[in-house]
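A.B. asks: kindly return the folded structure for what I paste below:
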Amino acid sequence: MERQNRLLSALSVVLLVIVAFLVLDWDRVDDEPRDLDGPATNDLFAYQTTDITRLVLTRPDGEVVFEQEEGQWKLTQPVVALAKASAVDAIVDRFESVRVEEKSLDGAAADYGLDDASRTTVRLEKADGTAFTVHIGKDTPIGYKTYAKVPGDDAVHLLDNQVGELVAKPVEDFRSREVLAFSPGGVTRIRLVQAGVETVLRKDDAGWWIGDTGPRADQKRVGDWLSAVSLMKAERFLDGQDAGALGLESPAALVAVQDDGGTHTLRIGTRDELGANASAAEVPFRIANTDLLALLPADGWASPRLLDAQSWKVDALTLVLGADKLEVDRSSGAWAKAGGGEAGDIDTVVDAVLDLAVDRTATPTMSGSWGRITLGLGKDKLVVQIGDVVPGGRVAKEEAGGPAFVIPDASLATLADGLAGKLLPKPPPEGADPFGGGLGGGGDPFGGMNPEDILKQLGQMPE
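C.D. replies: I've put the predicted structure just below:
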């Protein structure tokens, strides 16, 4: 038995060493040639994918050209159209990391699909005019490689990754029907212009706001809008039609979305009962009337609630109303009062604070310091100062920004009940399992626990 235990211990040490090697040295291992007995390789190109703004594929069937415009890939030859970003990015990403073998191959260029009549020339260009060029032949029948020639070198070489299929796709496979190509989670600014009225939504660490000095925006509504717009598709392209005749030279409305890739702009021209003419990156197309209404909503963006946050992220709460104060946190797992002691049903109070109705149409002047609400969100926090009495309630202002607003009397009464422990728990969503999902049927099987507590229960996260 002792010998068996020693053997198991030795195997455990070996396993730990292997795991440590993989974790700590993975990047270096990943950079090494996979075939250590194979020929030496060098990087084919040296660029960052985000630097490439133009891609030219000179193929036997003609030239295919892609250009970045307004943060969006655009197909400019052989037809002007929106490009499928994923298909273009696949080429740019692949060539950024591909390596070329130093060893040259024997035989005629035509044997490898690298003669003038058969090859595809790939040219990637940066905004400053720097270009990277390579001639691409056939993909190898085995080994997941591609035959290639580098300009200035007449020899045939192998690339360590297949690229032939990527650059040989039919033009239609590169064409996109996306109205605007962006990732909703990366958007930091939205600009809407209609009938001469401009609305700007901006995002910072504290959430979404209207304008640079305006009130807090409804985070859910902005998120739903971004999700819907990211999925919108052009009904059909208006290839070759005059922009002026389509009403796009002086557009009736404009939608601009800014993310890490730049600003993506949609111009809306002549409308009718079925939809509207529109363009992105100067490519004209039609959009449906339902999409048009979603793009340019008629009602406002201001949040009807006090704060926008997810309740499970809240790990601390301070509520001060006049001389009364509640200060709790759950750094130890369960809610506890500052200085120790059980805190009671604080989740109900947090839900009430996040659901609290406010009046942002009012324009009071902030004065006084009657109360304060502070929500801790890990390293961040949201703070609302509550001031003097105004008609219908009390004036308030958020520390993160925005103008003063009014917390109505009914909302103040809710806060007072929360501070006094008189609030009833928030009712479960309609159709939820009252037993926490444990007895079947579409409820929450974890009884409403936040994700961190769920992981702790499963033993996947240290306390």
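A.B. asks: next SSE downstream of the helix or strand encompassing Leu201?
C.D. replies: Here Leu201 sits within strand 197-204, counting by DSSP states H and E. Downstream of strand 197-204, the next assigned helix or strand under DSSP H and E is strand 207-210.
A.B. asks: could you give the mean pLDDT of that following strand?
C.D. replies: Strand 207-210 carries an average pLDDT of 94.
A.B. asks: what does the helix or strand following it contact?
C.D. replies: Next along the chain after strand 207-210, taking DSSP H and E as the criterion, comes helix 219-230. Under the contact criterion C-beta atoms under 8 Å, 6 or more residues apart in numbering, helix 219-230 has outside partners 178-180, 182-184, 187, 190, 201, 207-208, 255, 257, 294-295, 297, 301, 303, 308. Where you see a C-beta, it was placed from the backbone N, CA and C, and this is true even at glycine.
A.B. asks: hmm, 10 Å instead?
C.D. replies: With C-beta atoms under 10 Å, 6 or more residues apart in numbering as the test, helix 219-230 has contacts from 178-187, 190, 192, 201, 203, 207-210, 218, 255, 257, 259, 264, 266, 291, 294-295, 297, 299-305, 307-310.
A.B. asks: return the subset of those residues lying in strands.
C.D. replies: If you go by DSSP state E, these have 190, 192, 201, 203, 207-210, 255, 257, 259, 264, 266 in strands.
A.B. asks: what's the closest of those to Glu327?
C.D. replies: Nearest to Glu327 among those, counting by C-beta to C-beta, is Gly207 at 23.7 Å.
A.B. asks: the closest one: what's it in contact with?
C.D. replies: Here Gly207 is in contact with 216-219, 222, 303, 307-309, 382, 398, 400-401 (C-beta under 10 Å, 6+ apart).
A.B. asks: if any of the residues you listed are buried, put those into a PyMOL selection.
C.D. replies: Restricted to buried positions by 16 or more other C-beta atoms under 10 Å, the PyMOL selection for the contacts of Gly207 reads:
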select buried, resi 216+217+218+219+222+303+307+308+309+382+398+400+401
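A.B. asks: nearest to Asp111, of the contacts of Gly207?
C.D. replies: Val222 (57.7 Å).
A.B. asks: re the thing from before, give me the buried stretch members for the strand holding Leu201, please.
C.D. replies: For strand 197-204, by 16+ other C-beta under 10 Å, it's 199-203.
A.B. asks: in a markdown table: these, plus distance to Ser331 and pLDDT.
C.D. replies: Formatted as a markdown table, the buried residues of strand 197-204 follow (distance: C-beta to C-beta, whole Å; pLDDT from 0 to 100):
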| residue | distance to Ser331 | pLDDT |
| --- | --- | --- |
| Thr199 | 40 | 94 |
| Val200 | 38 | 96 |
| Leu201 | 34 | 96 |
| Arg202 | 32 | 96 |
| Lys203 | 28 | 95 |
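A.B. asks: what's around Asp61, how many residues?
C.D. replies: For Asp61, the tally of surrounding residues (other C-beta atoms under 10 Å) stands at 11.
A.B. asks: oh, that last question was meant for Ala108, not what I typed.
C.D. replies: Quick note: Ala108 (other C-beta under 10 Å) scores 9 neighbours.
A.B. asks: change the start of the numbering to 28 and stick with it
C.D. replies: Got it, the first residue is 28 from now on, which makes the last one we talked about Ala135.
A.B. asks: how about the contacts made by it?
C.D. replies: Counting by C-beta under 10 Å, 6+ apart, Ala135 has contacts 141-142, 183.
A.B. asks: likewise Gln189?
C.D. replies: Going by C-beta under 10 Å, 6+ apart, Gln189 touches 121, 125, 165-167, 170-173.
A.B. asks: got the confidence number for the closest residue in space to it that isn't next to it in sequence?
C.D. replies: Distance criterion C-beta to C-beta, 6 or more residues apart in numbering; nearest residue to Gln189, sequence neighbours excluded, is Asp166 at 4.7 Å. Looking at Asp166, its pLDDT is 93.
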